[in-house]
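Participant: how does the following fold in three dimensions:
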Amino acid sequence: MKQRSPRLGATLISCGLLGAAFAAHGADGSESLSAQGVTAQEALQQQPTPSDSLTGAQAGGQAAPAAAIAEVVVTAQRRKQSLQKAAVAVTAVGEGQLIQQGARSVVDVAAMVPSLQISQTGQIALRGVGTPSTSENADPTVAPHVDGIYIARPVAMLGAGLFDVERVEVLRGPQGTLYGRNATAGSMNIITRQPEFATEGSLATEFGNYDLKLLSGMANVALSDVLALRVAAQTNSHSGYIASGNIRTPATDSADTASARVSLLYKPSRDWSALVRIDSTRDTGNSYQYGTVPVAADGKALRASAAILPAWNDGRYNGASLEMNWLLGPGNLTYVGARRRTATDQLTQLVAYDIPLRSKSTDVTDQQELRYVGDLGKFNFVTGLFYFKEENTVDFRANFGGCCAYENQVDNKSFALYGQGTYRLTDRLRTTLGLRRTHDKKSRTGGGFALDGDFNIGGSISPSDSFGDWRRTNYKVGVEFDVGNNSMLFANLSTGYKAGGANDNSTVYDPESIKAWELGWKNRFLDNRLTLNLDVFNYDYSALQLQRYMVGTVVTLNAGKAYSRGIELEGSYRPTADDQFDFSVGAMRARYSDFVEVAGNTAADVRDYSGNRLAKAPPVTVNLGYQHVFTVGTGTLTARAQTHYEAAKYMDYSNIASSRQRAYTRSDVVLTYAPADARWKLMAYARNLENKVVMTDFFVTNGAAHGVLANIAAPLTTGLRLDVFF
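Facilitator: Numbering: from 1, shown residues only. Presented below is the predicted three-dimensional model:
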């Protein structure tokens, strides 16, 4: 590890020299939008809309070249700004790209972002680090948000899918000085479309193999000059991708969801607005809970279901939020309050045990956030207060010959005060400082109980009462320098923290912490026909949280130390107005530097995993895409081909042979026809042409030598989609 540090330092210096070589680009062009004549109040009054996207030349006040790449506006730093001028590692994927690349849920976004891994269970890993548990036992390492609302249990976000979405932003690195909920690896924010003061609508229908049927629609209406309503809904169903080996069991890994969202915007003046959102999703598909497949000792997963009984799944995800904005003094004051409820009821049976498994859970979260964002001359700032409360009840029953039922209630509370400011030292040089103070409290009550053959609960076997209380202070220090109009260098040093928690067996695990160094270089070249962004990172983790299976339950434990170091390159190139290439490459080395696991009382129960690779950390990932626009009659036909490559990786921290996912590629082709009036468009696609079996999750259910299961990615899918706009 120490021998590699000089290489990393040399890389950082080289990046700086390369950036300086482009100083001929001219004067400062990387100021925030407020420095370009847009006040912070105007920038934050509403979320960005498609009209906010500018070409790079337009942003500079010149006529846009025909082939210029449209610039994306993001709110990753709590203010509306160009993606190319945000001094952080962030990837934004717009609605059009999501549809074209077939992203029906956040799982599909992983193939568009360097070093991102998302599974059907809701496990999100970024740059080699993620929380393996999605239950009440642990918090996400990558904090998921929908419209700025923190989603404590990511399965709720997966069930809703992606519809009427403006964009998805993935912010890499520890977060806390800008966001209410802290995270150590990054943040993902799904930003849905707000109501507009116009009357419009759309309808989309999609059919494909595996009996795919998708129907989505949106209606927006201005009820008055100050009130606008937007309603969006989607249903999505397909038969199972994995055939069942039992005649009583339907094919597994199917989908059957229905979602709706209602948004009401009240804006009586430029200085004040209120936005209410209500959403609901019901998921009855035999999805990831029943989509597990057996894995051979050499890591080869099979397309055969591990479930042998008729599966039952009923997931209900509901939420309501209120966002209010006031223009006060030099900035914008925002209040966000939300309540979310997740209720799941699941029944299945695994071949490994030949017993039924029944699980019910209810998760209710409340959160309040007060945030003030503004500008004072050369100084812009964000400051906020955050409160989060979660109540989670779990009833899990599996009859192991009189044992066991687990009934637990977990209560979480989190309080935080955070702030970040950036000061413009010169026309080209800016510096940033951020601070955060967090207080987390957790309690777990309940335990294990006897269980008879009729699933009735008996006496207590193993109480599971535990409590935790943690306080941490985190910081961020950054500097950014405009090499020229279209070139910016930035460097950040930040720390992050994620609370500890309590396990079913009454043990308490420690908080996870990180120190992260990052150097970035963002560029636009060739009259804004080429964007090229480079990011180098160095993460050092302490007490990294992992997951281990124990008889009848799953526990979270801490590794001593771990690191993740790498480089990422993203870009787009438009040689002509009809051609575009896009690409991203990530190279990473992620290891446990100090990790000794004590699983029992004998010498055989002590295992040293120091030097092992982090789970779900492929050394290399590559995304490549090319599209060309043909003129067909009075319309256009857009042909696109894209591929995603991952080097071999381990799916489990033990690095056992069965957890090794071999290197693979996943390629798609898409054809889209749109007439000149753009009132409709028709898309035909084939996705995952290789049709390989690829593990997305991995479970050691009965010891490292056997009882190994996995979730796998979707097979080859084909279909047609028709969008109509009115």
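
Participant: all strands for the stretch 351-500 of the chain, in order.
Facilitator: 355-376, 379-398, 403-424, 429-451, 457-463, 466-484, 487-498 (DSSP state E, counting those that start in this stretch).

Participant: what's the most buried one of these?
Facilitator: Mean neighbour count (mean count of other Cβ atoms under 10 Å) peaks for strand 487-498 among these, with a mean of 23. C-beta here means a position set from N, CA and C on the backbone, and glycine is covered the same way.

Participant: mean confidence score for that strand?
Facilitator: Here strand 487-498 scores 95 as its mean pLDDT.

Participant: then stretch 211-231?
Facilitator: Across stretch 211-231, the average pLDDT comes to 97.

Participant: need the CA coordinates for that stretch. CSV is fine.
Facilitator: C-alpha atoms of stretch 211-231 as CSV (Å, rounded to 0.1, in the frame of the first residue of the first chain):
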residue,chain,number,x,y,z
ASP,A,211,-44.8,-10.7,-21.3
LEU,A,212,-43.6,-7.2,-20.6
LYS,A,213,-46.4,-4.6,-20.3
LEU,A,214,-45.6,-1.1,-19.2
LEU,A,215,-48.0,1.9,-19.2
SER,A,216,-47.1,5.3,-17.9
GLY,A,217,-48.6,8.8,-18.3
MET,A,218,-48.4,12.3,-17.1
ALA,A,219,-50.9,15.2,-17.0
ASN,A,220,-50.0,18.8,-16.0
VAL,A,221,-52.5,21.6,-15.7
ALA,A,222,-52.4,25.2,-14.5
LEU,A,223,-55.4,25.5,-12.2
SER,A,224,-54.9,29.2,-12.0
ASP,A,225,-52.1,31.8,-12.2
VAL,A,226,-50.7,30.7,-8.9
LEU,A,227,-51.7,27.0,-8.7
ALA,A,228,-50.4,24.1,-10.8
LEU,A,229,-51.1,20.4,-10.6
ARG,A,230,-49.1,17.4,-12.0
VAL,A,231,-50.2,13.8,-11.9
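
Participant: and the strands of the stretch 351-500 of the chain as CSV, adding distance to Ala615?
Facilitator: Below are these laid out as CSV (distance: least, Cβ to Cβ, whole Å):
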stretch, distance to Ala615
strand 355-376, 24
strand 379-398, 24
strand 403-424, 24
strand 429-451, 24
strand 457-463, 28
strand 466-484, 24
strand 487-498, 17
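
Participant: tell me, which of those is the model least confident about?
Facilitator: Among these, strand 457-463 scores lowest, at a mean of 80.

Participant: now it: how far from the chain's centre is it?
Facilitator: Relative to its parent chain, strand 457-463 has a centroid offset of 38 Å by Cα atoms, centre = their mean, to the nearest Å.

Participant: now the angle from it to strand 429-451?
Facilitator: Interaxial angle of strand 457-463 relative to strand 429-451 (axes from the mean of the first three to the mean of the last three Cα atoms, to 10 degrees): 130 degrees.

Participant: could we number from 33 for the rest of this?
Facilitator: Fine by me, first position is 33 from now on; the one you just mentioned is strand 489-495.

Participant: direction included, what does strand 489-495 pair against?
Facilitator: Strands that pair with strand 489-495, judged by DSSP bridges, come out as strand 461-483 (antiparallel).

Participant: list the contacts for Arg314?
Facilitator: Neighbour list for Arg314: 289-291, 346-349 [criterion: Cβ atoms under 8 Å, 6 or more residues apart in numbering].

Participant: over to Val200?
Facilitator: With Cβ under 8 Å, 6+ apart, Val200 has these contacts: 124-125, 130, 138, 141, 194, 220-223.

Participant: now, which of these lie within helices?
Facilitator: Cross-referencing the contacts of Val200 against helices under DSSP state H gives Leu130.

Participant: so which of the contacts of Val200 is the most crowded?
Facilitator: Compared across these, Met220 has the highest neighbour count, 27 neighbours, by other Cβ atoms under 10 Å.

Participant: give me the pLDDT value at that one.
Facilitator: 88.

Participant: now do Leu190
Facilitator: 71.

Participant: what does the helix or strand harbouring it contact?
Facilitator: Taking DSSP states H and E as the definition, one finds Leu190 inside helix 187-192. With contact meaning Cβ under 8 Å, 6+ apart, helix 187-192 is reached by 137-139, 152-154, 166, 176, 178, 183, 222, 289, 291, 311, 313, 315, 347, 349, 351, 372, 374, 376.
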